[in-house]
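Novice: Coordinates for the following, if possible.
(chains A, B, C and D)
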Number of protein chains: 2
Amino acid sequence: MSPRPTMEDVAARAGVSRALVSIVYRNVPGASDETRARVFAAGDELGYRPDHRARLLGSRQRTRLIGVAFDVRYPFHGDLVEALYPAAESLGYSLTLSAVTGSRGEKAAVQSLLDYRCESLVLLGPTSSPAALSALAEAQPTVVLARKVRAAGVHVVRTDDAAGSRLAVEHLLSLGHTRIAHVDGARAPGAAERRTAYVQTMRRAGLTPVVIPGGLTEAAGATAVQELPQDVTAVAAFNDACAIGLLHALRESDRQVPEDIALIGYDDSTPSRLDHIQLSTIAQNADRLAAAALDLATQTDRESPQEVITSPDLLTRKTT
Amino acid sequence: MSPRPTMEDVAARAGVSRALVSIVYRNVPGASDETRARVFAAGDELGYRPDHRARLLGSRQRTRLIGVAFDVRYPFHGDLVEALYPAAESLGYSLTLSAVTGSRGEKAAVQSLLDYRCESLVLLGPTSSPAALSALAEAQPTVVLARKVRAAGVHVVRTDDAAGSRLAVEHLLSLGHTRIAHVDGARAPGAAERRTAYVQTMRRAGLTPVVIPGGLTEAAGATAVQELPQDVTAVAAFNDACAIGLLHALRESDRQVPEDIALIGYDDSTPSRLDHIQLSTIAQNADRLAAAALDLATQTDRESPQEVITSPDLLTRKTT
DNA sequence: CGCTGATACTAGAGCGCTCTAGTCAGGACA
DNA sequence: TGTCCTGACTAGAGCGCTCTAGTATCAGCG
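Specialist: Predicted coordinates:
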């Protein structure tokens, strides 16, 4: 295993100084096109790649590194990470990931990001206290993605729960439904907003809201079916899991979806896409969220922590 | 934003040299207990954390850094990453992650790991060619996790598909089934091994194997139901998706699972755990895989690339 | 002919660590 | 007294870069 070539090696081979190689590889002005080509050729021949660590160490102020903490257990975090990469690249930043797992807490994940001296932090659905988040924000720009929090100095990017709920109800209304129930998410984050938006949208349409206590699990959805008034023709559920529970309970009691009852979920989770489920749902737009998060993360003006709220999208599948 | 404290700051505050602070923080011999305590106290007061980048740069040969490339789209990769963290820690290594996404290929992911000068590479279910993998293995120990490949110099850690298939069939046999069919995975990776093991296990039990062409999607499973002989009382499917397709098609044709037909999948995927599915399945043991992968990754003797095959576990839920 | 101002390039310090090769004090021993 | 440890600590080079402050060369110009 021969040691990897360094700038020195490339410089020697190209017959220039180390500094010039640096100039060429950083793509900054100060070298002729001819020399650039020669340096790159030498680098390629040696299989040279700049050492990221040394590069970061050397660059005085800006590391152009953004730390991302995500939870491996949430598929949606995967979608966000996927969207964050190109967003970071287009801003000239690179990403370093740190996973939160069952056995590795958020604190450990964030700490390892800080050890890499990230310029800013993007935390996906963090569960830390507002105080802990504020403490992080003091040292570097910190963006909370996909969770609603109020913490001093912390930027927040999330989707508009009220708008999503409205979207779901309006979709059902546009399909001609008038007896629309909402199975709520109890005290889950976002449940209150979705419930309120449902009620308001119904009222605005001159209809009577019917809120049925639910929860964020399939079991909760299945139980809620028993509370469903007979005349209800459509249900907007708090989330996909709840909707799927409803779906199966309805099918078991021989009610056809969407013929007898239309059903819409919330989240666009993986199960919602299964062939035999094909749940209509509300999707958060990962690309928009990612772009907004990185915009805030790279914003140097640290005066005003911001809250960016993006609107979700309606995904009609086969249950409406 | 005051710059983060460095070793110099800690040294000054503790009244010792920078080198001694290094000794203390690396937890190596060469400092008295009393001084250790004083240095740590000074560090804590300043909120000092060693700079990971500088640490890696400075340490001549060994970076004790393992690069992990995973695909954000596979929940199982999340399980593996989760298992890798503690495994790495117990060996005194740290992990750096790089995600493969729809828009970010394996090559880019691996390249960024190499830019961090990882000592070795662990690739989760890589799709690169054996030649490309071999090329990587020339520069540093490379472990392919959860994919069967033959590439020169590359370590492979995977679960034993044949054993898993055998486990599934033996489970059905132990339940008293004798007419057991296998819905296969066509040309999917692992399908041949699982099919062969099924056939052998059946023959060894003196039974006639029934292999039905399937695939790795729900649709494939649903279609396979039509090919199912009437007298079959149990099915071992290629994977969970296929089994779930079977499950729904069976239910639609009013056949009860497990009463009329028992069903077992393979993978322990998220949908298999859903309340109304509760699919019995074969699970890969992430902890064992992770431990074996890191064992190989940190093995300095590079003479013999190894293949470690761990055995999977049977998970009985409600379909058998 | 010197002066200005590019452009192309280089020397060398410095980033925050690790690590080798020390120094220094004190104790054991002859 | 001198020699040889040993344990505690330090000086300083070096890791592979970046970046400031240069130098060298040349064209243009009065």
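Novice: any idea of the mean pLDDT in stretch A:243-256?
Specialist: Mean per-residue pLDDT for stretch A:243-256: 91.
Novice: Return the alpha-carbon coordinates of that stretch using PDB.
Specialist: Extracted in PDB, the C-alpha atoms of stretch A:243-256 (Å, rounded to 0.1, in the frame of the first residue of the first chain):
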ATOM      1  CA  ALA A 243     -55.000   5.600   7.500                       C
ATOM      2  CA  ILE A 244     -53.700   2.200   6.700                       C
ATOM      3  CA  GLY A 245     -55.200   0.900  10.000                       C
ATOM      4  CA  LEU A 246     -58.500   2.400   8.900                       C
ATOM      5  CA  LEU A 247     -58.100   0.900   5.400                       C
ATOM      6  CA  HIS A 248     -57.800  -2.600   6.700                       C
ATOM      7  CA  ALA A 249     -60.500  -2.300   9.300                       C
ATOM      8  CA  LEU A 250     -62.800  -0.900   6.600                       C
ATOM      9  CA  ARG A 251     -62.000  -3.700   4.200                       C
ATOM     10  CA  GLU A 252     -62.600  -6.300   6.900                       C
ATOM     11  CA  SER A 253     -66.100  -4.800   7.600                       C
ATOM     12  CA  ASP A 254     -66.700  -5.200   3.800                       C
ATOM     13  CA  ARG A 255     -66.600  -1.500   3.000                       C
ATOM     14  CA  GLN A 256     -65.000  -0.700  -0.200                       C
END
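Novice: Quickly check: that stretch near chain B or not.
Specialist: Yes. With CB under 8 Å from any CB of the partner chain as the criterion, chain B is reached by stretch A:243-256 at A:Ile244, A:Gly245, A:His248. Every C-beta, even on glycine, is put in place using the N, C-alpha and C of the backbone.
Novice: tell me which residues of that stretch are tucked away?
Specialist: For stretch A:243-256, a neighbour-count test (16 or more other CB atoms under 10 Å in any protein chain shown) marks A:Ala243, A:Ile244, A:Gly245, A:Leu246, A:Leu247, A:His248, A:Ala249, A:Leu250 as buried.
Novice: that's a helix at the second one, yeah?
Specialist: I take that to be A:Ile244. Yes. A:Ile244 sits within a helix when classified using DSSP: H, G, I helix; E, B strand; the rest coil.
Novice: Enumerate every residue touching it.
Specialist: A:Glu218, A:Gly221, A:Gly265, A:Pro271, A:Ser272, A:Ile277, A:Leu279, B:Leu274, B:His276 (CB atoms under 8 Å, 6 or more residues apart in numbering or on different chains).
Novice: Out of the residues of stretch A:243-256 next to chain B, which comes closest to B:Glu8?
Specialist: B:Glu8 has its nearest neighbour among these in A:Ile244, at 57.7 Å by CB to CB.
Novice: May I see the residues of stretch A:243-256 next to chain B arranged in a markdown table, with distance to DNA strand C as well?
Specialist: What follows is these, written out as a markdown table (distance: CB to the nearest atom of the strand, whole Å):
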| residue | distance to DNA strand C |
| --- | --- |
| A:Ile244 | 50 |
| A:Gly245 | 51 |
| A:His248 | 55 |
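Novice: If I look at the nearest residue to A:Arg195 once chain neighbours are set aside, what pLDDT would I see?
Specialist: Of all residues not flanking A:Arg195 in the chain, A:Asp184 sits nearest, at 4.9 Å (CB to CB, 6 or more residues apart in numbering or on different chains). For A:Asp184, the model assigns a pLDDT of 96.
Novice: A:Asp184: neighbouring residues, count only.
Specialist: Per other CB atoms under 10 Å in any protein chain shown, the neighbour tally for A:Asp184 reads 24.
Novice: correct me, but it touches A:Ile212?
Specialist: Yes. With contact defined as CB atoms under 8 Å, A:Asp184 counts as touching A:Ile212 (7.0 Å).
Novice: Just give the number of residues close to the residue in the stretch 151-300 of chain A positioned nearest to DNA strand C.
Specialist: Going by CB to the nearest atom of the strand, DNA strand C is nearest to A:Thr300 of the stretch 151-300 of chain A, at 18.8 Å. If you count neighbours by other CB under 10 Å, A:Thr300 ends up with 8.
Novice: For B:Leu114, see how far away it is.
Specialist: Distance of A:Thr300 to B:Leu114, given as CB to CB, to the nearest Å: 30 Å.
Novice: and A:Ser120, what are its bridge partners?
Specialist: A:Ile66 (DSSP bridges).
Novice: just the helices in the stretch 151-300 of chain A please.
Specialist: In the stretch 151-300 of chain A, the helices defined using DSSP state H, counting those that start in this stretch lie at A:161-174, A:191-204, A:218-224, A:240-252, A:286-297.
Novice: Go through those and pick out the most buried.
Specialist: Ranked by mean neighbour count, the helices of the stretch 151-300 of chain A are led by helix A:240-252 with a mean of 24 (mean count of other CB atoms under 10 Å in any protein chain shown).
Novice: quick one: that one to helix B:240-252, angle?
Specialist: With axes from the mean of the first three to the mean of the last three CA atoms, to 10 degrees as the basis, helix A:240-252 and helix B:240-252 are set at 30 degrees to each other.
Novice: How far off centre is helix A:240-252?
Specialist: Centroid separation for helix A:240-252 versus its chain: 26 Å, with CA atoms, centre = their mean, to the nearest Å.
Novice: Could you do stretch A:74-93 as well?
Specialist: 8 Å.
Novice: and it, which residues are buried?
Specialist: Going by neighbour count (16+ other CB under 10 Å), the buried part of stretch A:74-93 is A:74-88, A:93.
Novice: Which single residue in the stretch 51-200 of chain A comes nearest to DNA strand D?
Specialist: Closest point on the stretch 51-200 of chain A to DNA strand D, by CB to the nearest atom of the strand, is A:Gly58, at 2.6 Å.
Novice: Near that residue, how many other residues are there?
Specialist: There are 11 residues near A:Gly58, going by other CB under 10 Å.
Novice: Tell me the pLDDT of it.
Specialist: pLDDT, A:Gly58: 86.
Novice: Longest helix in chain A, please.
Specialist: With secondary structure taken from DSSP state H, chain A has its longest helix at helix A:75-90.
Novice: Pull out the buried residues from the least confident helix or strand in chain A by mean pLDDT.
Specialist: Scoring the helices and strands of chain A by mean pLDDT, DSSP states H and E places helix A:52-58 at the bottom, with a mean of 88. Counting neighbours by 16+ other CB under 10 Å, one finds that the buried residues in helix A:52-58 are A:His52, A:Arg53, A:Ala54, A:Arg55, A:Leu56, A:Leu57.
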